[in-house]
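*Asks:* Following is a predicted model, sequence given first.
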Amino acid sequence: MNDLVLHHYPASPFAEKVRLMLGYKRLSWKSVFIPMVMPKPDVLALTGGYRKTPILQVGADIYCDTMLIAEVLDELAPAQPALSGPQPDLARCLAQWADSTLFWAAMSHSMQAAGMAQLFGKATPQAMQAFAEDRKAMSAGLSRPRPADGTSALRSYLLRLEQMLESSPFVLGQQPGVADFASYHPLWFNRTQTPAMAGVLQACPKVLAWMDRMAAIGHGQIERYSAEQAIDLARRSTPRSLQDEPFEDVHGIALGSRVSVAAEGFGPEPTEGQLLAATKGRYILGRSDERAGRVQVHFPRVGYALRALKD
Ligand SMILES: N[C@@H](CCC(=O)N[C@@H](CS)C(=O)NCC(=O)O)C(=O)O
């Protein structure tokens, strides 16, 4: 298998989702640490605009969004699948709820003053200010619960998870799947990054025991890698062949068109490029970068807006 390179930072909950999937599959991977806030020139050399965390790089192919990364990991390493458990469609729907509704409730609850103080530890007031401004700009199109509403919702969601974990060790059965990885990461953030705000978990012993089982999965074999090495790898690699990807046109945008793809909601910075493929589940854009050379940037359809650009 080609080298897997994860671009991430330790405190990122969505990155923890992928780190655990890599661990579940017992994979070896290269770890590139990226900044928490803009500017991120090395990330943008690969993605062309998308700046969220994490991204997965396989040679000159760049995969954005953790649901797409879950698919790619299942394709590359089919043992211990994340996406094909007993109820795969229900698992995806639950994961989508967890990655959005549960995630924002947990963030609103966790990032109150005591949590922020722990998250930022000895960071300077300027660094905290830069973080607040960066996230405010990313959230322009998003409606987030206020802290007390986030706490109220989180308590209800935890009780629902507690019920789901009543009769099985994982959310949908005997093995962890994408519903577990997605439900876990916002709670991981609460418990490990903002422990002052983690009292809310105490009402749910089954959730706590499940979190211990999830944490025990680990992260696989990690090797540190620099951003320069990753960009060099992209430049030396040939993007994967797309010949077998069937075209599904929903937008009336022909293959070969200049397009942009942007996340709906949080972090809408677009990637621009040439539409190389639009399959049932993905868009693949081709772009050339001064440093990374010819790369292909992959996005899922769900959660992303495709637009034609005028030449
Ligand atoms: N839908 C995206 C969400 C990713 C996301 O929102 N990640 C957060 C970090 S956990 C982020 O990008 N924050 C801003 C940043 O890292 O620049 C996914 O599944 O990958």
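*Replies:* Good, I have the coordinates. Numbering: from 1, shown residues only.
*Asks:* any idea how far the residue most central in space within the chain lies from the ligand?
*Replies:* Nearest residue to the geometric centre of the chain (CA atoms, centre = their mean): T66, 3.5 Å. According to CB to the nearest ligand atom, to the nearest Å, T66 stands 3 Å off from the ligand. From N, CA and C alone the C-beta is placed, and that goes for glycine too.
*Asks:* Might you report the residue contacts of that residue?
*Replies:* With contact set as CB atoms under 8 Å, 6 or more residues apart in numbering, T66 has these partners: 14, 17-18, 54, 99, 182.
*Asks:* ditto for G281
*Replies:* G281 touches 68, 71, 300-302, counting by CB under 8 Å, 6+ apart.
*Asks:* again with L119
*Replies:* In this structure, L119 makes contact with 11, 111, 193-194, judged by CB under 8 Å, 6+ apart.
*Asks:* In what element of secondary structure is it found?
*Replies:* helix 113-120 (DSSP states H and E).
*Asks:* check whether that helix contacts the ligand.
*Replies:* No: in terms of CB under 6 Å from any ligand atom, no part of helix 113-120 sits within range of the ligand; the closest distance is 12.1 Å.
*Asks:* Toward the C-terminus, what is the element adjacent to that helix?
*Replies:* By DSSP H and E, the next helix or strand past helix 113-120 is helix 125-138.
*Asks:* pretty sure W29 is in a strand, no?
*Replies:* Yes: counting by DSSP: H, G, I helix; E, B strand; the rest coil, W29 falls inside a strand.
*Asks:* ok, for it, nearest residue in space, not its chain neighbours?
*Replies:* Closest residue to W29 apart from its sequence neighbours, by CB to CB, 6 or more residues apart in numbering: L4 at 4.3 Å.
*Asks:* contacting residues around that neighbour?
*Replies:* Residues in contact with L4 (CB under 8 Å, 6+ apart) are 22, 27-30, 56-58, 73, 76.
*Asks:* Just the buried residues of these.
*Replies:* 22, 27, 29-30, 56-58, 73 (16 or more other CB atoms under 10 Å).
*Asks:* buried sites along stretch 255-265?
*Replies:* Going by neighbour count (16+ other CB under 10 Å), the buried part of stretch 255-265 is 257, 259-263, 265.
*Asks:* That one vs the ligand: in contact?
*Replies:* No: for stretch 255-265, no contact with the ligand is found by CB under 6 Å from any ligand atom; the gap never falls below 6.5 Å.
*Asks:* distance between the ends of that stretch?
*Replies:* 26 Å (CA to CA, to the nearest Å).
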